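>>> Turn this into a structure:
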Amino acid sequence: MINLGRCRLFAQSVATGHPIEVSTRAVDLVLGSPVVDMLSLLTLNWAELWRWQDAPASFHQSDYRRLEASGIDVYHPAVKTGAVDPYRGAVQWIEGWNRLLGTQPCFLSRIDTDDELVRVPKLGPIGVIVGFQDSDHFRTVDDVEAFYRHGQRISQLTYNDRNRIGDGCKVTHDRGLSRFGGEIVAAMDRVGMGIDLSHCGERTTLDAIEASTRPVLVTHSNCRALVPGQPRCKSDRVIQRLARRGGVMGITVVRAFVSNRRAPTLDDLLDHFDHVAHIAGVEHLGLGSDLDADGVDPTTGRPRAPYVIRGLDPRARVYQIADGLLARGYKPADVQLVLGGNFLRVLGEIWGHSPAPADPQRRRDPFCPAPARRLPVSVVG
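Numbers count the residues shown, from 1 in each chain. Below is the predicted model:
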């Protein structure tokens, strides 16, 4: 009776070796809702990703099942390429994704429109939004439209440092959005490309919010009020300005952004969701884990060190976050907003409600394996 309405996920936690238990209500919400993680990699094993992109046939059904088991329907695997030539690095990154996504329609589908955000998860493939964590590949304003045509739908204006657009969060003196940055923001608004401010400095973030004619995004960050002194976290002022313009903020599971304490907990993570909901409204809150599907270091079989949070299994994070929010009194409809509804809404507003292209590959192929939607779950009671 104590365990009534509970179930176990997977065989055991990779963090503790013990069973992972969540409520059946949380499982029903995750399986019954489109789940969007606005900074989530398919894998942090770069050699594996390059292999998939170079030889798409090497992406197997087992890889698809691993991604599906996370509960995430739509991934946004944005990176800073770190290439010596940012433009060429960005071109190669998009070419790699287009090669993989264009040849594995049973398992993966590039998401270009708000219609596809809703439709692709229902068909079965894992949705992928192509984006970058820096905009230093925009050499000119015209490059914005060119990259949009090639599939880019979101761009973070700066990474941690300064570029021609503005200043990152680790710049000592943030000078704000540059004139060129204002032109890039206007160009992104024109084509309907999402503006991401996750790594931007305070002034650059506020300038971009004011400059944009559309809602903007903080795809993956946390609350500075709870982690004082952490430059990657956002101030209450930023969060509230973002919300007033209709934007949405995704919460990360990066331990350094969750708490200044040596051993942050799942409750510490949930406090960030509570804080945004309290000061800005649950309608402006989402997932931005900044992690791959399972968060496991393949060399040790244990969670990757930057994501070790007591009580959180990285593979089951979506279920555990949903369960934690329900336990804190969030209504099921509000949890659905956090799981993906808010990002679906804001991306629809940014992208302009464009109709999906007539592409026969976007229809469910009867020879594709059926989506499981029944994950490694066993009923406890």
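
>>> where do the strands sit along the stretch 51-200 of the chain?
For the stretch 51-200 of the chain, the strands defined by DSSP state E, counting those that start in this stretch cover 74-75, 108-110, 126-128, 130-132, 152-156, 194-196.

>>> quick one: Phe147 and Phe138 touch, right?
Yes: here Phe147 reaches Phe138: they are 7.5 Å apart, a contact under CB atoms under 8 Å. To be clear about C-beta, it is placed using only N, CA and C from the backbone, and glycine gets the same treatment.

>>> Would you confirm that Leu217 contacts Gly194?
Yes: using CB under 8 Å, Leu217 is in contact with Gly194, at 5.4 Å.

>>> shared neighbours of the two, which are they?
Counting by CB atoms under 8 Å, 6 or more residues apart in numbering, the contacts common to Leu217 and Gly194 are Ile154, Ile350.

>>> sorry, back to before: can you pull the residues that touch both of Phe147 and Phe138?
Common neighbours of Phe147 and Phe138 (CB under 8 Å, 6+ apart) are Ser155.

>>> Give me the more crowded residue out of these two.
More crowded of Phe147 and Phe138, by other CB atoms under 10 Å: Phe138, with 27 against 23.

>>> That one reaches Ile184, doesn't it?
Yes: shown here, Phe138 and Ile184 form a contact pair, counting by CB under 8 Å, at 5.7 Å.

>>> Identify the residue nearest Val22 in space, chain neighbours excluded?
Of all residues not flanking Val22 in the chain, Asp323 sits nearest, at 4.1 Å (CB to CB, 6 or more residues apart in numbering).

>>> Pull the contacting residues for the one you found.
Going by CB under 8 Å, 6+ apart, Asp323 touches Val22, Ser23, Arg25, Ala26.

>>> now it, what's its secondary structure?
Look at Asp323: counting by DSSP: H, G, I helix; E, B strand; the rest coil, its state is helix.

>>> what about it, distance to Ile184?
For Asp323, the distance to Ile184 equals 40 Å [CB to CB, to the nearest Å].

>>> those strands in the stretch 251-381 of the chain, which residues are they?
Remark: strands assigned in the stretch 251-381 of the chain by DSSP E, counting those that start in this stretch are 285-287, 291-292, 296-297, 302-303, 377-379.

>>> Select, out of those strands, the one closest to Leu347.
In terms of CB to CB, the element of these nearest to Leu347 is strand 285-287, at 10.4 Å.

>>> pLDDT (mean, whole number) over the closest one?
The pLDDT scores in strand 285-287 average 98.

>>> list residues touching both of Phe138 and Ile184?
Val144, Ile165.

>>> how close does His199 sit to Trp46?
20 Å.

>>> roughly how far apart are the residue lying closest to Leu312 once chain neighbours are set aside and Ser259?
Once flanking residues are discounted, Leu312 sits nearest to Leu266: 4.7 Å by CB to CB, 6+ apart. Separation of Leu266 from Ser259 (CB to CB): 11 Å.

>>> Span of stretch 279-299 from start to end?
End-to-end distance of stretch 279-299 (CA to CA, to the nearest Å): 41 Å.

>>> gap between it and the chain center?
Relative to its parent chain, stretch 279-299 has a centroid offset of 6 Å by CA atoms, centre = their mean, to the nearest Å.

>>> Tell me which residues of it come out buried.
If you call a residue buried by 16 or more other CB atoms under 10 Å, then stretch 279-299 has these buried ones: 280, 282-296.

>>> cool, stretch 199-208 as well?
Neighbour counts using 16+ other CB under 10 Å place His199, Cys200, Gly201, Glu202, Arg203, Thr204, Thr205, Leu206, Asp207, Ala208 of stretch 199-208 among the buried residues.

>>> repeat for stretch 227-246
So, applying 16+ other CB under 10 Å, buried residues of stretch 227-246: 227, 230-234, 238-243, 245.

>>> likewise stretch 59-70?
Phe59, Asp63, Tyr64, Arg66, Leu67, Glu68, Ala69, Ser70.

>>> Make a markdown table out of these and add distance to Gly311.
Converted to a markdown table, the buried residues of stretch 59-70 look like this (distance: CB to CB, whole Å):
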| residue | distance to Gly311 |
| --- | --- |
| Phe59 | 32 |
| Asp63 | 28 |
| Tyr64 | 29 |
| Arg66 | 23 |
| Leu67 | 24 |
| Glu68 | 24 |
| Ala69 | 20 |
| Ser70 | 18 |
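
>>> Ile94: which of those is nearest?
For the buried residues of stretch 59-70, the nearest to Ile94 is Phe59 (17.4 Å; CB to CB).

>>> give the contact list for the closest one.
Trp52, Leu100, Gln104, Phe107, Leu108.

>>> what do you get for Gly281?
Ala243.

>>> Now do the end-to-end distance for stretch 226-246.
Length of stretch 226-246, first residue to last, CA to CA: 23 Å.

>>> Kindly report the same for stretch 164-180.
Terminal-residue distance, stretch 164-180 (CA to CA): 7 Å.

>>> May I see the buried residues of it?
Buried, per 16+ other CB under 10 Å, within stretch 164-180: Ile165, Gly166, Asp167, Gly168, Cys169, Val171, Asp174, Gly176, Leu177, Ser178.

>>> Take these and lay them out in TSV including pLDDT and distance to Leu42.
TSV is the format used below for the buried residues of stretch 164-180 (pLDDT from 0 to 100; distance: CB to CB, whole Å):
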residue	pLDDT	distance to Leu42
Ile165	98	27
Gly166	98	29
Asp167	98	30
Gly168	98	25
Cys169	98	26
Val171	97	31
Asp174	97	33
Gly176	98	35
Leu177	98	32
Ser178	98	33
